[in-house]
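> Quick one, what's the 3D model for this:
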Amino acid sequence: MEEEKAEVLPPTEELRRLRNEPVAAGALSDRSETEVAADAFGREMQQTRDDINRAREVLRASEQRFERELRGLMSAVDLVCGPAGAASSQRRPDRSEADTSTLPAGSEQPPGRPAGRRKDAPIVDRPEALPRLSKAHCELIRQNGAARPIKAGEVLFREGDRLTDFILVDEGAVDFFQGPPEDEHQIAHLGPGNFLENLDLVAGQTSYISVRVCEDGTAVFVPFDRVCQLAAHDVGLLDVMLRAALARRSVLIEIGAGLRIVGSRFSADTRRLLEFAARNRLPHRWLDLERDSQAEAMLRRLGVRPEETPVVLWGGDRVLRNPSNAQLADVIGMRPPLEPDTTFDLIVVGAGPAGLASAVYGASEGLKTVVVDSTAAGGQAGRSMSIENYLGFPAGITGGELAERATLQARKFGARLMVPSEAVSLERDEAGRHLVRLDDGTLLHGRTLVIATGARYKRLPVPKVEQFEGTSVHYAATEVEAQMCKDSAVAVVGGGNSAGQAAVFLARRSSKVRIIIRGADLARTMSRYLIDEIEKNDKIEVWPNTEVRELHGEESGPETAAGRRMRLLHIVVENRNTHQRQQVEARAVFVFIGTDPHVKWLEGKLSLDRDGFILTGNDAIQGRSELEPADQQQEKEQPQPQIKLQQETAQQQRQGMHQSPQRVPLMLETSRPGVFAVGDVRSGSIKRIATAVGEGAMAVRLVWEHLGV
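Next up is the predicted model:
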């Protein structure tokens, strides 16, 4: 954004000039004293209003200069330390903020921009999002692409179009727009040396913006595959491209570009779509039927009945009525078709930190790799709004940003991501390869398999909890849930790091956060840095020796298989020492207690421990895990087996299970040769992001050993 041109005097000089301004001669003749006094009073009032307006202009100009300096400083910090935590980079502005942003008073229209630009369009001028290529890189692009003239008014591509080319603006200028043509908002201006490449292109998705030429010139078009080849041999070019892609995606998320999701805050399907968009870092804007006046008018204009909501508006003319996650993913190009008869060297099921680490290391070492996940990259860690103890990010990082960077890194090395796609069974094909069947019928053939499906938090053990799930009982605390319970009291159940991170994050939006734990304090289960943050936050209370016993609310939706949907009003808790019960206000409950592994799709195929986690190494062949002393005593007293060793048919055992005593499974290998388990789904694993990443990387080394390389 350009500097303001008009000179604004300091407030004291302006006030002095106005107050000493002489009154025109003859203005007081032939008039009564009352009229003269009234006129004088009117002039004083007008001068006061003028003084206030001028002071506001001075303040606005100062704020704008400060904002630009701060943005530059934060960009420098980001380059050194990585992006800041959830409070800055992840916060999505309220619509009341985004809809009223304007150019500062007195600023001039930047050259090349149409005079009719909507004033409420946020203008992006973050240098990391709009970098210019060096002369050497521009020349490299020219040598490998096709140049053609571009004319003012020409649309290079629209929101919803699938992109295939990297575009360099060689001469002239273009504008970025968001929204349909009848209600578009300009968001950025690019000139010579800038390039048109977003995360949409890197990820193979359709575009979330439109680009129109505003000044005649020349553009160079290069197939994206060719640009990737160039970048692979030029670290400088690769760095500029990846930084720009990440920064532009963050900008689009912040300003609410892309998808428009229209639905009620009390609808479980609305929450499902919002969570899917947020966890996959898809730019979107939510129009709440309960609070947004535009939402109802928009539905009437589109002819959408209330029972058809939520709806997703995309590309200016597409209306998706309550789409499934898979349907939405297909529309925006998240799941490109798979080539038939493809055999992968490595199939990774689960795209949490462990799975993404396997994908990055496998693909970087030349293994043909595919990653499958039922919802989004990041796993449980991807839902964290602030990870402050992960190595290399002293300012902290959100789980979503960490997952986005890892996903981009895996794609850079050639890994294929299939999200959302759920693995439903593990089999073998005629050639003895591992065969993973997906929920849509797709079959993945692989020489090796890494299982990184993680674990989910256990359901809150209270009556009728399923009627509150999806509206008031949550198992993650992201921006989606925070919006739902803004300015309300909430409860967090659990005493681990995930519960602590959720409480600190929710305290920024909620009026009161109560942490409910069964133990006497947090010291045994939570990191010290989180305890310190909780203790100094006046909005957070810790209720020790307490359990949730009842949920009470009101009906909020139609009948479902679990019963009628309920909206929470308050909870009943019980002190474990005194057994005294108390009613506590809570509009939402966030549950972080224990975990259940994602292993249902593996039923009858692998050895599991008594809690359902996958056994690996020596434990896999012995069909048992390490037991605590108390458990060993219990095993002596109870003759029935405590370890659940799942059996296959005799033929499957001959084909797949470790039969020879000489064939001992590798460290992370399961009871089936060539199948490895990493991260939270593995029995005995340490539930930390860093250890999950380490196991994912280690699994690739063991894959090579299994393949005999």
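> The nearest residue to Ala502 once chain neighbours are set aside: neighbour count?
Nearest non-adjacent residue to Ala502, counting by C-beta to C-beta, 6 or more residues apart in numbering: Ala477, 3.6 Å away. Just so you know, the C-beta spots here come from the backbone N, C-alpha and C atoms, and that holds for glycine as well. Counted with other C-beta atoms under 10 Å, residues neighbouring Ala477 total 27.
> Thought Leu133 was touching Ile141, still the case?
Yes: between Ile141 and Leu133 there is a contact under C-beta atoms under 8 Å: 7.0 Å.
> Overlap of the contact sets of those two?
When contacts are counted by C-beta atoms under 8 Å, 6 or more residues apart in numbering, the set common to Ile141 and Leu133 consists of 168, 195.
> and Met698, what does it touch?
667-668, 678.
> Counting neighbours, what do you get for Gly366?
Using other C-beta under 10 Å, Gly366 has 10 neighbouring residues.
> tell me the SS of it?
Secondary structure, DSSP: H, G, I helix; E, B strand; the rest coil: Gly366 is coil.
> Distance-wise, check the residue nearest to Asp429 when sequence neighbours are not counted relative to Thr448.
The spatially closest residue to Asp429, leaving aside those adjacent along the chain, is Leu435, at 4.7 Å (C-beta to C-beta, 6+ apart). When distance is defined by C-beta to C-beta, to the nearest Å, Leu435 is 13 Å away from Thr448.
> Between those two, point out the one with more neighbours.
Counted by other C-beta under 10 Å, Leu435 and Thr448 do not tie: Thr448 has more neighbours, with 26 against 18.
> Ser685 versus the more buried one, what's the distance?
Relative to Ser685, Thr448 is positioned 19 Å away (C-beta to C-beta).
> So, low pLDDT: which residues of this structure?
1-125, 199-204, 557-563, 623-663, 709 (pLDDT under 70).
> Identify the residues contacting the residue nearest to Gly191 when sequence neighbours are not counted.
Leaving aside its sequence neighbours, Gly191 sits nearest to Ala173 (C-beta to C-beta, 6+ apart; 4.7 Å). Contacts here follow C-beta under 8 Å, 6+ apart; on that basis Ala173 touches 112, 189-192, 213-215, 217.
> helices or strands up against the host helix or strand of Gln186?
Assigned by DSSP states H and E, Gln186 falls within strand 185-190. The helices and strands touching strand 185-190, judged by 3 or more C-beta pairs under 8 Å, 6 or more residues apart in numbering; DSSP states H and E, are strand 165-178, helix 235-255.
> can you give me the angle that strand makes with helix 235-255?
160 degrees (axes from the mean of the first three to the mean of the last three C-alpha atoms, to 10 degrees).
> Name every strand pairing with strand 185-190 and say which way it goes.
Sheet pairing here is set by DSSP bridges, and for strand 185-190 it gives strand 165-178 (antiparallel).
> could I have the strand it pairs with exported to PDB, CA atoms only?
The C-alpha coordinates for strand 165-178 follow below in PDB (Å, rounded to 0.1, in the frame of the first residue of the first chain):
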ATOM      1  CA  ASP A 165       1.100 -23.400 -15.400                       C
ATOM      2  CA  PHE A 166       3.500 -21.300 -13.400                       C
ATOM      3  CA  ILE A 167       3.000 -17.700 -14.700                       C
ATOM      4  CA  LEU A 168       5.700 -14.900 -14.600                       C
ATOM      5  CA  VAL A 169       4.500 -11.300 -15.100                       C
ATOM      6  CA  ASP A 170       7.400 -10.100 -17.300                       C
ATOM      7  CA  GLU A 171       5.800  -6.700 -18.300                       C
ATOM      8  CA  GLY A 172       2.600  -5.000 -17.300                       C
ATOM      9  CA  ALA A 173       0.500  -5.800 -14.200                       C
ATOM     10  CA  VAL A 174      -2.300  -8.000 -12.900                       C
ATOM     11  CA  ASP A 175      -4.700  -8.000  -9.900                       C
ATOM     12  CA  PHE A 176      -5.800 -10.800  -7.600                       C
ATOM     13  CA  PHE A 177      -9.500 -10.900  -6.800                       C
ATOM     14  CA  GLN A 178     -11.700 -13.100  -4.600                       C
END
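> wait, isn't Asp439 in contact with Met418?
No: Asp439 lies out of contact with Met418 (C-beta under 8 Å); the separation is 10.9 Å.
> neighbour count winner among those two?
The neighbour comparison of Asp439 against Met418 (other C-beta under 10 Å) goes to Met418, with 21 against 15.
> surely the more buried one meets Val372?
Yes: with contact defined as C-beta under 8 Å, Met418 counts as touching Val372 (5.0 Å).
> Need the overlap of contacts for these two.
Common neighbours of Met418 and Val372 (C-beta under 8 Å, 6+ apart) are Leu438.
> returning to what we had before: closest to Phe592 among the contacts of Met698?
Val678 (22.1 Å; C-beta to C-beta).
> List the contacts of the closest one.
Per C-beta under 8 Å, 6+ apart, neighbours of Val678: 354-355, 357-358, 450-452, 668, 685, 692, 695-696, 698-699.
> burial measure for Ile187, as a count.
What Ile187 shows, counting by other C-beta under 10 Å, is a neighbour count of 22.
> same thing with Thr442?
Thr442: 14 surrounding residues under other C-beta under 10 Å.
> Contacts only, for it.
Thr442 touches 338, 418, 421, counting by C-beta under 8 Å, 6+ apart.
> please redo it, this time with the cut-off set to 7 Å
Thr442 sits next to Leu338 when contact means C-beta atoms under 7 Å, 6 or more residues apart in numbering.
> before we move on, what about the one 4 residues further on?
Counting by C-beta under 7 Å, 6+ apart, Gly446 touches 343-344, 346-347, 433-434, 436.
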